[in-house]
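1. predicted coordinates and the sequence they were generated for:
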Amino acid sequence: MPGVGKRFVYRGRIGKVWSGDMEDSLFTEFVRTLAAAGRINFSLTLAAFPLTLVFAAALAGLRSIPLKPLQIVVGVYIDAIRSTPLLLHLFFVFFGLPLWNIRFDAWTSAVVTMTLHFGAYQAEVYRSAVSSIPVSVREASTALGLRGISRFRRVTLPLAFRISVPPTSNNLIDVFRGTSVVALVAVQDIVFKGTIMLQTYKGDSPIIFMIIALFFIAVGYPMSMLTKVLERRFVVV
């Protein structure tokens with residue numbers, strides 16, 4: 001249709017020709033479809049990350065209890081999770097647990113897996129934040145009459161929070177990037193949709209991969225900037 005808009009032509013590797021107005025192009029349809037699927041990745045992050053923080057706090061709390069067997073069990077769990085890949089955990093939750101009559105749908109399996117996996121990393125963030133507080137600070141707070149719960153609430157917790165902000169922000173980015181594996185259990189995220197599209201538009205796979213990459217950059221880059229802002233805001237001098 002002449003005069004409607006600027007026209008273009010794109011030739012895929014399989015030899016077909018895309019021709020038409022930019023607004024109605026196949027490329028635009030790719031972007032629209034994949035961006036809609038990307039909302040699944042974003043919503044998974046919003047669902048899993050708060051649970052990750054809560055689960056990590058529970059792990060850190062259990063590890064701080066002066067009971068050696070409990071500390072060993074929690075420590076082994078954290079080390080085992082951190083030593084094995086996220087994909088293995090996802091397959092275990094989605095395919096393995098049903099053998100023990102524990103079943104989750106694909107979405108719930110993804111949220112549970114990311115919570116268990118990234119919670120182990122976040123628990124180490126909490127532990128290292130608390131342990132990095134100088135002994136002199138604790139001694140000074142004791143000299144001021146602060147002990148036990150009062151010292152933890154007024155001194156240890158605020159300082160540990162400020163120390164843990166940068167690595168926690170990085171963990172948020174890791175959770176978002178980790179959502180890319182959920183396509184393997186048929187969660188219809190951007191990677192799943194891209195894989196389906198590749199079966200039809202094999203010759204145009206570079207375009208599809210580029211759109212998926214740009215989506216992760218478009219969401220992940222602001223998260224990285226937020227991390228830097230929080231680092232400056234909560235820096236411990």
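-> Sure thing, it's come through.

2. mind checking the SS state of the residue most central in space within the chain?
-> Closest residue to the average C-alpha location of the chain: V175 at 0.7 Å, with Cα atoms, centre = their mean. Recorded secondary structure, V175: helix (DSSP: H, G, I helix; E, B strand; the rest coil).

3. what residues are up against it?
-> The neighbourhood of V175, defined by Cβ atoms under 8 Å, 6 or more residues apart in numbering, consists of 45, 48-49, 52, 114, 118. Every C-beta, even on glycine, is put in place using the N, C-alpha and C of the backbone.

4. my read: F192 touches A37, true?
-> Yes. Counting by Cβ atoms under 8 Å, F192 does reach A37; the two are 6.9 Å apart.

5. who touches both of the two?
-> Common contacts of F192 and A37, defined by Cβ under 8 Å, 6+ apart, are absent altogether.

6. next, count neighbours for S25.
-> 17 (other Cβ atoms under 10 Å).

7. against R32, how distant is it?
-> With the distance defined as Cβ to Cβ, to the nearest Å, S25 ends up 10 Å from R32.

8. leaving out chain neighbours, which residue sits closest to S224?
-> I173 (6.5 Å; Cβ to Cβ, 6 or more residues apart in numbering).

9. that neighbour: neighbour count?
-> The number of residues packed around I173, counting by other Cβ under 10 Å, is 18.

10. what sits against it?
-> Taking Cβ under 8 Å, 6+ apart, one finds 220, 223-224, 227 in contact with I173.

11. among those residues, which one has the most neighbours?
-> T227 leads the contacts of I173 on contacts (other Cβ under 10 Å) with 19 neighbours.

12. buried ones in the longest helix seen in the chain?
-> The longest helix of the chain (DSSP state H) is helix 26-64. Of all the residues in helix 26-64, those buried under the rule 16 or more other Cβ atoms under 10 Å are 26-27, 30, 33-34, 37-38, 40-41, 44-45, 47-49, 51-53, 55-56, 59-60, 62-63.

13. any stretches of the protein with poor pLDDT?
-> For the chain, applying pLDDT under 70 flags the ranges 1-24, 138-139, 142-143, 145-148, 150, 234-237.

14. apply 50 and report the result again.
-> For the chain, the stretches flagged by pLDDT under 50 are 1-24.

15. which residue ranges form the helices in it?
-> Listed in chain order, the helices of the chain (DSSP H) span 26-64, 68-82, 86-91, 106-131, 135-143, 148-151, 157-178, 190-200, 205-233.

16. now those in a markdown table, with distance to L184?
-> What follows is these, written out as a markdown table (distance: least, Cβ to Cβ, whole Å):
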| stretch | distance to L184 |
| --- | --- |
| helix 26-64 | 14 |
| helix 68-82 | 19 |
| helix 86-91 | 7 |
| helix 106-131 | 10 |
| helix 135-143 | 46 |
| helix 148-151 | 45 |
| helix 157-178 | 12 |
| helix 190-200 | 8 |
| helix 205-233 | 15 |
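
17. please work out which of the ones you listed is packed deepest.
-> Comparing the helices of the chain by mean neighbour count (mean count of other Cβ atoms under 10 Å), helix 106-131 comes out on top with a mean of 21.

18. quick one: it to helix 190-200, angle?
-> Helix 106-131 runs at 140 degrees relative to helix 190-200, counting by axes from the mean of the first three to the mean of the last three Cα atoms, to 10 degrees.

19. elements contacting helix 106-131?
-> Applying 3 or more Cβ pairs under 8 Å, 6 or more residues apart in numbering; DSSP states H and E, one finds that helix 106-131 contacts helix 26-64, helix 68-82, helix 86-91, helix 157-178.

20. so which of the ones you listed is nearest Q188?
-> helix 26-64 (6.2 Å; Cβ to Cβ).
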